[in-house]
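Peer 1: the following comprises the amino acid sequence and a computationally predicted model.
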Amino acid sequence: MMYKHTQIGYLFNVVLSISLLILLFVGVVYEFTPIVLALFIFLLLSLVLFPSLTIEIDKTKLTIRFGLGIISKNFNLEDIRSCRVAKNPWYYGWRISLTPYGWLYNISGLSSVEILMKNGKRYRLGTDEPERLGSAIKQTIKEFN
């Protein structure tokens with residue numbers, strides 16, 4: 001393993017947990033209406049699927065995965081042309097979102113590393129250590145370029 005780092009979305013996890021407790025209270029004290037139940041299930045799934053973001057680089061691929069890894073994406077290192085450190089505006093949000101710079105995979109904060117693929121597609125990988133991740137990507141793609 002050339003690089004491995006897990007970033008935990010503490011703020012988002014706390015907000016989701018508090019929201020779940022409030023919905024649970026509303027459901028128990030008043031009533032679990034279909035809307036309250038649907039919102040509770042949605043928030044619970046979000047908390048289970050997106051508590052953290054792990055980025056790994058080995059000899060052939062860069063892998064990103066949220067939480068347990070049910071939601072993940074792999075990039076072949078030989079397909080990456082370049083990368084650079086980037087800042088995201090707050091309104092790009094957290095989790096997976098489509099931005100003017102391509103897909104953003106983010107768990108917390110505004111820092112990211114933007115990778116440019118040889119086919120022209122761009123992706124941004126949110127991280128709390130952008131310099132270290134950028135260096136690791138540059139070091140590993142040197143062999144393929």
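Peer 2: That came through, no problem.
Peer 1: and the helix or strand of the chain with the lowest mean pLDDT, C-alpha only, in CSV?
Peer 2: When each helix and strand of the chain is scored by mean pLDDT, DSSP states H and E, strand 95-99 comes last, with a mean of 91. Below are the C-alpha coordinates for strand 95-99, written out as CSV (Å, rounded to 0.1, in the frame of the first residue of the first chain):
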residue,chain,number,x,y,z
ARG,A,95,-20.8,13.3,0.0
ILE,A,96,-21.0,12.7,-3.8
SER,A,97,-22.0,15.6,-6.0
LEU,A,98,-21.6,16.8,-9.6
THR,A,99,-19.7,20.1,-9.9
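Peer 1: give the buried residues for that strand.
Peer 2: R95, T99 (16 or more other C-beta atoms under 10 Å). All C-beta atoms are positioned from the backbone trio N, CA, C, and that covers glycine.
Peer 1: parallel or antiparallel, list what pairs with that strand.
Peer 2: Applying DSSP bridges, strand 95-99 is found paired with strand 102-106 (antiparallel).
Peer 1: got the contact list for the very next helix or strand once past the partner strand?
Peer 2: Downstream of strand 102-106, the next assigned helix or strand under DSSP states H and E is strand 111-117. Residues outside strand 111-117 that contact it (C-beta atoms under 8 Å, 6 or more residues apart in numbering): 62, 75, 79-88, 101-102, 104, 106, 122-128, 130, 133-134, 137.
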